[in-house]
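okay, predicted coordinates and the sequence, questions at the end:
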Amino acid sequence: MTTLGTAALGFVAHAAAIYAQLALEIPGHIASPQATRYLGVFTWLTFQTNAICFARFAAVLAAHLLGSASLAVLTVRLFPLSFGLGFMLTLLYYGLDHSNADNVQKREQFRHLCPHCGLGAHLAHGSALPLAVLDACSFAASGYPRPGVVLVVGGYILFYMVQTICNHLATSAWQYPIIADAQRAAGWAGVLLFFAAIALITLGAANLGVAMVAGLDGWKAQL
């Protein structure tokens with residue numbers, strides 16, 4: 001299970017990330033009013049990722065403080081999801097989103113309204129990957145069986161992609177410029193190929209986290 005110290009750090013860091021997105025970044029109803037018309041902040045993978053990781057670290061803290069074995073088992077099963085999402089959040093943001101021309105323009109356009117939007121973006125995205133790696137490196141796994149990846153992580157990815165497509169059909173807008181770029185380049189095939197690539201990479205990241213724990217501490221042998 002995640003150690004108490006790592007859980008406390010993750011709890012605080014993801015709480016700060018959620019605060020940064022809500023209080024420091026440009027609100028969705030200003031920056032992307034069409035895409036966020038119906039789902040608001042839940043439109044963003046950033047918010048959902050930080051909320052999931054925050055909730056899992058909170059559950060780890062509760063498991064430690066209450067001595068709950070069942071809650072501990074649940075947090076172990078959710079480890080691949082929090083690792084995969086946290087790992088990918090930082091990579092995707094700095095690899096695809098931060099330097100995107102549309103996003104750079106929005107930060108400049110609305111800087112007078114949200115003067116700390118740049119700092120907010122770093123706080124919302126920057127700590128997730130280091131925390132995921134720290135979690136894997138300090139994970140005490142010997143008392144728990146190796147958690148599955150495909151059902152939990154793949155299920156969530158499928159949920160978010162279906163949500164994204166449904167939101168686009170309802171609003172005629174994509175929340176992330178990179179998806180619009182993919183559609184302009186290759187139509188719906190480009191969008192689906194982009195989604196497939198993100199899904200495979202996220203599943204790979206989740207498996208990496210499980211493998212890191214196996215190499216460092218070792219999961220309980222299953223008879």
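Perfect, thanks for sending it. Numbers count the residues shown, from 1 in each chain.

now the end-to-end length of stretch 64-82.
Start-to-end span of stretch 64-82 (CA to CA, to the nearest Å) is 18 Å.

now the end-to-end length of stretch 129-145.
Stretch 129-145 end-to-end distance (CA to CA) = 24 Å.

quick check: mean pLDDT of it?
Taken as a whole, stretch 129-145 has a mean pLDDT of 95.

again, but for stretch 44-58
Stretch 44-58 shows a mean pLDDT of 98.

kindly export it (C-alpha atoms) in PDB.
Taking Å, rounded to 0.1, in the frame of the first residue of the first chain, the C-alpha atoms of stretch 44-58 are listed here in PDB:
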ATOM      1  CA  TRP A  44     -11.300  18.600 -18.300                       C
ATOM      2  CA  LEU A  45      -9.100  15.500 -17.900                       C
ATOM      3  CA  THR A  46      -6.900  17.600 -15.600                       C
ATOM      4  CA  PHE A  47      -9.600  18.100 -13.100                       C
ATOM      5  CA  GLN A  48     -10.800  14.500 -13.200                       C
ATOM      6  CA  THR A  49      -7.200  13.200 -12.800                       C
ATOM      7  CA  ASN A  50      -6.500  15.400  -9.800                       C
ATOM      8  CA  ALA A  51      -9.800  14.600  -8.200                       C
ATOM      9  CA  ILE A  52      -9.200  10.800  -8.700                       C
ATOM     10  CA  CYS A  53      -5.700  11.000  -7.300                       C
ATOM     11  CA  PHE A  54      -6.800  13.300  -4.400                       C
ATOM     12  CA  ALA A  55      -9.600  10.800  -3.500                       C
ATOM     13  CA  ARG A  56      -7.300   7.800  -3.600                       C
ATOM     14  CA  PHE A  57      -4.600   9.500  -1.400                       C
ATOM     15  CA  ALA A  58      -7.400  10.500   1.000                       C
END
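
which residues are in contact with residue 179?
164, 191, 194 (CB atoms under 8 Å, 6 or more residues apart in numbering). Placement of C-beta: from N, CA and C, glycine included.

okay but the last one is in contact with residue 178, surely?
Yes. The pair formed by residue 194 and residue 178 meets the contact definition of CB atoms under 8 Å, at 7.3 Å.

so which helix or strand of the chain has the lowest pLDDT on average?
The least trusted helix or strand in the chain, going by mean pLDDT, DSSP states H and E, turns out to be helix 101-109, with a mean of 89.

that helix packs against which elements?
helix 117-125, helix 177-216 (3 or more CB pairs under 8 Å, 6 or more residues apart in numbering; DSSP states H and E).

okay, residue 194 and residue 178: which has more neighbours?
Counted by other CB atoms under 10 Å, residue 194 and residue 178 do not tie: residue 194 has more neighbours, with 20 against 17.

once you drop chain neighbours, what's closest to that one?
Nearest residue to residue 194 in three dimensions, chain neighbours excluded: residue 182, at 4.3 Å (CB to CB, 6 or more residues apart in numbering).

so who does the one you found touch?
For residue 182, counting by CB under 8 Å, 6+ apart, the contacting residues are 190, 191, 193, 194.

residue closest to the middle of the protein?
The centroid of the chain falls nearest to residue 49 when counting by CA atoms, centre = their mean (3.0 Å).

can you say which helix or strand has that residue in it?
With secondary structure defined by DSSP states H and E, residue 49 is part of helix 45-66.

can you give me how far that helix is from the chain middle?
Computed by CA atoms, centre = their mean, to the nearest Å, the chain-centroid distance of helix 45-66 equals 12 Å.
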